[in-house]
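> what's the 3D shape of this:
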Amino acid sequence: MKAVFFDLDGTIFDTLDDITAAINYALRVYDGEEATKEEVRGYVGKGLRRALSLAVAAKHPNGIVDEEEFSLMFTVMMNYYIHHPVVHTKAYDGIPELLSDLKNGGVKLGIVSNKRNEIVQEIVTALLPDTFDYVSGEVAGYPLKPDPTLLVSALKKVGSSPAEALYVGDSEVDAETGRRAGIRTFIVSYGFRTEEELRESGIENTINNEETLSEKLKNEMNI
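Model (predicted):
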């Protein structure tokens, strides 16, 4: 194995508090009821636009807004998040040490996220600089996961084929991304989806803590 690629939210970083704050800021501006952290956990996974759409459906007084108003709400949310991406966000326990061990073992490391690219770059630079060989969020011209196009392209850029790589994520979206890309995939249940939720999505054999993930990845990479 040459490379390990990761999802960002719920896999490497616990970003849920900052995402919740951004969504709730937009909801408050437009007279909506605030969403709880656990509710937002269920909204995320397929991009922040979809997450806000689900929040609006559940928390806006009308339950729905027209496209123009929704676009304004999304702009308000993203402007807030761009300026507050790393207030509460932190790496999960043991993840920085795992990444350091993999990197020192000659493994190429990457991130492919559905989050807006400038926010991804800022989070990684603030919390784990000089760690990854490739980092990307949403890129113009590339569809979001579970489409595998960006992930497969990213692997090529670090000199790895799907057969030589592992992918790690925390959701049904990541499981489908790995399947479509032809990459062996580990799904963790310490992130934004519980083990029960993942099982209901047809995902078995999840990894429920960071220590087990570390052991499995090091074993796969012979470190």
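> for the longest strand along the chain, packing partners?
Counting residues, the longest strand found in the chain (DSSP state E) is strand 108-116. The contact analysis (3 or more Cβ pairs under 8 Å, 6 or more residues apart in numbering; DSSP states H and E) places strand 108-116 against strand 3-6, helix 48-59, helix 67-83, helix 95-104, helix 117-127, strand 134-138, helix 149-157. Every C-beta, even on glycine, is put in place using the N, C-alpha and C of the backbone.
> Tabulate these (TSV), appending mean neighbour count and distance to Arg193.
Listed next are the helices and strands packed on strand 108-116 as TSV, based on neighbours: other Cβ atoms under 10 Å; distance: least, Cβ to Cβ, whole Å:
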stretch	mean neighbour count	distance to Arg193
strand 3-6	25	15
helix 48-59	19	14
helix 67-83	15	21
helix 95-104	16	17
helix 117-127	18	20
strand 134-138	21	20
helix 149-157	19	19
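> could you list every residue that touches Gly32?
Residues in contact with Gly32, defined by Cβ atoms under 8 Å, 6 or more residues apart in numbering, are Ala26, Ala55, Val56, Lys59, His60, Pro61.
> Quick one: classify it as helix, strand or coil.
Three-state call for Gly32 (DSSP: H, G, I helix; E, B strand; the rest coil): coil.
> circling back: neighbouring strands for the longest strand of the chain, and are they parallel or not?
Partners of strand 108-116 in the sheet, by DSSP bridges, are strand 3-6 (parallel), strand 134-138 (parallel).
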